[in-house]
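Asks: the amino acid sequence is not available; the structure is as follows:
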């Protein structure tokens, strides 16, 4: 098989997309936003609870989309759970660099390792937006916005 | 599918020979032969089209309808000759019934702005099918937003076919226009235009057809159809981008206000006033797509150099072959099985998103379209967010279908099911 395909659709990605973590509605969310990719019609909704210590106490996502967007949302919620908002910001910034094939030196080593499964998408420019949809939506939720669209 | 008698005709068309006219097929994709199954989005260009454009630009090019010099006269002749080629292609009665536009989208917008908008009062209705392309939806939403027009949507049957009775029933005393695709870009459904026109005219309502797909695969005769407007685009007809055309009945075009304002479309401009040229110039403001018009005419000549019935039979044969082959995949659902449909195969793949499928197919050299195909109301009707679509053109072969099937099997292997 084409190596870049193998890298894109590696087992971790497929596992996340088939068995997404933190999938479903969330009651009493403090922040939420909906993301939409007008190119393919995919939608994602992110809802989270930020506690008094500015930590993400709970986070869930809903929606449907391709394996890449679903896996990315699943991985993101998995990694953001329990983090402080400052840590979350850093992780989100690093991820966006990573999928565009840019340097992501500001990421912590273990975060980087976890996110590396998504790095393969940088070889598929038409698919980068699939990977970033959930992350842009998350950013919008934290900024108090209601919706995000891939630019 | 009435494939039996057509299969005999298909033999009369030599697709492999025609394929040699398209240089793009000699260039591999990811080291693999190109299997281009996205002609419904845009068709590849034969060298006859490219040569005609280059020859014209190198020997006869200047602006049209302006200068008195040699080249301007040559270019004007070529541009107007292209109009007559389009006229013949659609069998319009008069050459001034052909307006050049930048594509099918602009043709529909022209009807919306110049013909219908001045005739719309709040509550007036526009009847259209749910299988329209966004280009035949959004211009009518404009009239809904701005003038209070009401869009009356007519559903399609589960197999994607048009229910003419239901369509007829939607046309009422407030209907000001019926607009419908000649061939769905998603389902492949070919609509019974003649019957639609007959019933609609019986109620005194004009009809616009979006022929962007239809004109590629069907032989269009606007006079036999009796249709009021018919929109085409060049790039799906093996011609260049940036040019299309609107056929409009002479009386309609004469009654229409201008679209864009600028040079070329006026009779006289003074400090106080402006008067407008007659159609088609009235709707062709600014320097038109001159080289593209030559390319479009060459493309239509190219299509007419074949027995078009035989080409259609060839494309139907490919569709039938592909339709049969995908039956082996119990995880694949074809959307659109209307009788007599054109050479488009849209499908949903269980547990696999169309974009993932298209990415894997792509690495096999197989180009398909994945997404909502600019037809979101139709996607909603069939309960899907997106589909994959393989579309067939005159240069496709059975080997292309075989490659598609092999690539689909591979996609299944990679993406699997849970």
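Replies: In hand now; what should we look at? Note that the coordinates shown come from a computational prediction; the quantities given were computed from them, not determined experimentally.
Asks: which residues of chain A fall in strands?
Replies: Applying DSSP state E to chain A gives strands spanning A:31-37, A:42-50, A:56-64, A:147-149.
Asks: would a markdown table of those strands with mean pLDDT, mean neighbour count and distance to chain B be doable?
Replies: For every residue, glycine as well, the C-beta is placed using N, CA and C. Below are the strands of chain A laid out as a markdown table (pLDDT from 0 to 100; neighbours: other CB atoms under 10 Å in any protein chain shown; distance: least, CB to the nearest CB, whole Å):
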| stretch | mean pLDDT | mean neighbour count | distance to chain B |
| --- | --- | --- | --- |
| strand A:31-37 | 93 | 21 | 10 |
| strand A:42-50 | 93 | 23 | 6 |
| strand A:56-64 | 95 | 20 | 6 |
| strand A:147-149 | 58 | 17 | 15 |
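Asks: how about the residues of chain A near chain B?
Replies: A:1-2, A:4-5, A:8-9, A:14, A:18-19, A:39-43, A:64-68, A:124, A:126-127, A:130 (CB under 8 Å from any CB of the partner chain).
Asks: 10 Å instead?
Replies: By CB under 10 Å from any CB of the partner chain, the part of chain A that sits against chain B consists of A:1-2, A:4-6, A:8-9, A:14-15, A:17-19, A:37-43, A:63-70, A:121, A:124, A:126-127, A:129-130.
Asks: same list (the strands of chain A) but as a markdown table, adding distance to residue B:233.
Replies: Compiled in a markdown table, those are given as follows (distance: least, CB to CB, whole Å):
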| stretch | distance to residue B:233 |
| --- | --- |
| strand A:31-37 | 26 |
| strand A:42-50 | 27 |
| strand A:56-64 | 32 |
| strand A:147-149 | 27 |
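Asks: in a helix, residue B:82, correct?
Replies: Yes. Counting by DSSP: H, G, I helix; E, B strand; the rest coil, residue B:82 falls inside a helix.
Asks: got the contact list for residue B:37?
Replies: Listed by CB atoms under 10 Å, 6 or more residues apart in numbering or on different chains, the contact set of residue B:37 reads B:318, B:322, B:343-345, B:361, B:366-369, B:388-393, B:396, B:400-401, B:403-404, B:407.
Asks: next, the distance between the ends of stretch B:219-229.
Replies: 16 Å (CA to CA, to the nearest Å).
Asks: and it, how far out from the chain middle?
Replies: Centroid separation between stretch B:219-229 and its chain, computed with CA atoms, centre = their mean, to the nearest Å, is 15 Å.
Asks: and the gap between residue B:112 and residue A:48?
Replies: Distance of residue B:112 to residue A:48, given as CB to CB, to the nearest Å: 44 Å.
Asks: residue A:118 too?
Replies: Taking CB to CB, one finds residue A:118 at 20 Å from residue A:48.
Asks: can you pull the contacts of the one residue in the stretch 301-418 of chain B that gets nearest to chain A?
Replies: Nearest residue of the stretch 301-418 of chain B to chain A (CB to the nearest CB) works out as residue B:353 at 3.6 Å. Residues near residue B:353 by CB under 10 Å, 6+ apart: A:17, A:40, A:42, A:64-70, A:130, B:359, B:370, B:385-386, B:388, B:415.
Asks: mind giving me the ChimeraX select for these, buried ones only?
Replies: To isolate the buried subset of the contacts of residue B:353 in ChimeraX, counting by 16 or more other CB atoms under 10 Å in any protein chain shown, use the following:
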select /A:17,40,42,65,66,67,68,69,70,130 /B:359,370,385,386,388,415
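Asks: which of the contacts of residue B:353 fall in helices?
Replies: A:17, A:67-70, A:130, B:359, B:415 (DSSP state H).
Asks: what parts of chain B come near chain A?
Replies: B:30-32, B:351-360, B:362-364, B:370-373, B:376, B:379-380, B:384-386, B:410-411, B:413-418.
Asks: show the buried residues in those.
Replies: Buried, going by 16+ other CB under 10 Å: B:352-360, B:362-364, B:370-373, B:376, B:379, B:384-386, B:410-411, B:414-415, out of the residues of chain B next to chain A.
Asks: tell me the contacts of residue 39?
Replies: With no chain named, the answer covers chain A. By CB under 10 Å, 6+ apart, the neighbours of residue A:39 are A:126, A:129-130, A:149-150, B:355, B:370-372, B:386.
Asks: not quite, go with chain B.
Replies: Counting by CB under 10 Å, 6+ apart, residue B:39 has contacts B:213, B:216, B:236, B:238, B:315, B:343-344, B:367, B:369, B:390-396.
Asks: cutoff 8 Å now
Replies: Listed by CB atoms under 8 Å, 6 or more residues apart in numbering or on different chains, the contact set of residue B:39 reads B:216, B:236, B:391-393, B:396.
Asks: how much space between it and residue A:90?
Replies: For residue B:39, the distance to residue A:90 - CB to CB - is 47 Å.
Asks: and what of residue A:141?
Replies: For residue A:141, the distance to residue A:90 - CB to CB - is 17 Å.
Asks: okay, the two: which has more neighbours?
Replies: More crowded of residue A:141 and residue A:90, by other CB atoms under 10 Å in any protein chain shown: residue A:141, with 25 against 16.
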